[in-house]
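Trainee: sequence first, predicted coordinates after that:
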Amino acid sequence: MAARRGIGSMAQRTLMVLIDLDETLAAFEKHFMIKFREKYPNEPYIPVEKRNTFYIAEQYDKLNFTDDSVRLELKKIYRSEHFFRDLPEIEGGCDAVKEMAEMEGVEVFICSSPLFQYKYSAPEKYEWVEKHLGPDWINRLILTRDKTMINGDILIDDKIHITGALHNPSWKHVVFTAPNNQNMKVKGDKLRLNNWTDGTWRTMIEDFKKRL
Ligand SMILES: O=c1ccn([C@@H]2O[C@H](COP(=O)(O)O)[C@@H](O)[C@H]2O)c(=O)[nH]1
Ligand SMILES: [Mg+2]
């Protein structure tokens, strides 16, 4: 890992920050809801603020659709071409990430999981990063289906339970508040980050740096 020389030649290790994409920087839920309503204007839907599961299909499955094929078809919305490319930004996220990357002693990488049906989601995540963060960030995008295998000090991610091959990943999980986790208790020593707009993230990053 990179190290920097500080005053009095005290070696200061760089804080490695991993930041998730969907529902941390990119508004997956809002975009899904809009697309769902466009496709099925006469069917019930779940407003973003009422979402309460990580996987959309789990909650939608409980709705009484007039046409039962909706239940099976709804995943096609986020598996379709341009869905990931066109995700809107979560307010303040991209500015915060760019500012964080300029902080002394901090390295930022984007860490995102493509869908199992990766055909569109994997390349479109690159497109999204290039468009919203800039071409240099292509070098900082990590796509993996197992985030536990990625090295870092912090992972800021809306998924409340991140599991994989490693039971003790190197990073500390900071749960980014999103519709899917808003009413869930954050267990153990995990922290929460509620938004990118009130400046809390700066204090959090400074605190992590002090603890290195
Ligand atoms: O209902 C859902 C919600 C999300 N997903 C997929 O999970 C991953 C999460 O990506 P991150 O960038 O790591 O947050 C992504 O592929 C989503 O599309 C899903 O399959 N179903
Ligand atoms: Mg996410």
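Mentor: It's in. Numbers count the residues shown, from 1 in each chain. Ligands and ions are numbered 1, 2, ... in the order given.
Trainee: CA-only coordinates of the longest strand along the chain in CSV, if you can.
Mentor: Secondary structure of the chain per DSSP state E: the longest strand is strand 106-112. Taking C-alpha atoms only, strand 106-112 is exported to CSV below (Å, rounded to 0.1, in the frame of the first residue of the first chain):
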residue,chain,number,x,y,z
VAL,A,106,-6.6,9.4,0.6
GLU,A,107,-7.0,7.1,-2.5
VAL,A,108,-10.5,6.5,-3.8
PHE,A,109,-11.7,3.6,-5.9
ILE,A,110,-15.2,2.8,-7.2
CYS,A,111,-16.2,-0.8,-6.3
SER,A,112,-19.4,-2.1,-8.0
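Trainee: check whether that strand contacts ligand 1.
Mentor: Yes. If you take Cβ under 6 Å from any ligand atom as the test, strand 106-112 does meet ligand 1, through residue 112. The way it works is simple: take the backbone N, C-alpha and C, and place the C-beta from them, glycine included.
Trainee: who does that strand pair up with?
Mentor: strand 15-19 (parallel), strand 141-143 (parallel) (DSSP bridges).
Trainee: of all those, which lies closest to ligand 2?
Mentor: Ligand 2 lies closest to strand 15-19 among those, at 9.8 Å (Cβ to the ion).
Trainee: hmm, who's touching that closest one?
Mentor: Strand 15-19 is contacted from outside by 1, 25, 97, 100, 105-111, 142, 147, 150-157, 171, 205, 208-209, 212, using Cβ atoms under 8 Å, 6 or more residues apart in numbering.
Trainee: if we go to 6 Å?
Mentor: Contact with strand 15-19 is made by 97, 105-111, 152-156, 208-209, as judged by Cβ atoms under 6 Å, 6 or more residues apart in numbering.
Trainee: next one: stretch 89-103
Mentor: Under Cβ under 6 Å, 6+ apart, the answer for stretch 89-103 is 19, 25, 27, 106, 108, 132-133, 196-197, 201.
Trainee: tabulate these (CSV), appending pLDDT and neighbour count.
Mentor: Formatted as CSV, these follow (pLDDT from 0 to 100; neighbours: other Cβ atoms under 10 Å):
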residue, pLDDT, neighbour count
19, 99, 25
25, 98, 27
27, 98, 21
106, 98, 19
108, 98, 25
132, 98, 18
133, 98, 21
196, 98, 23
197, 98, 13
201, 98, 24
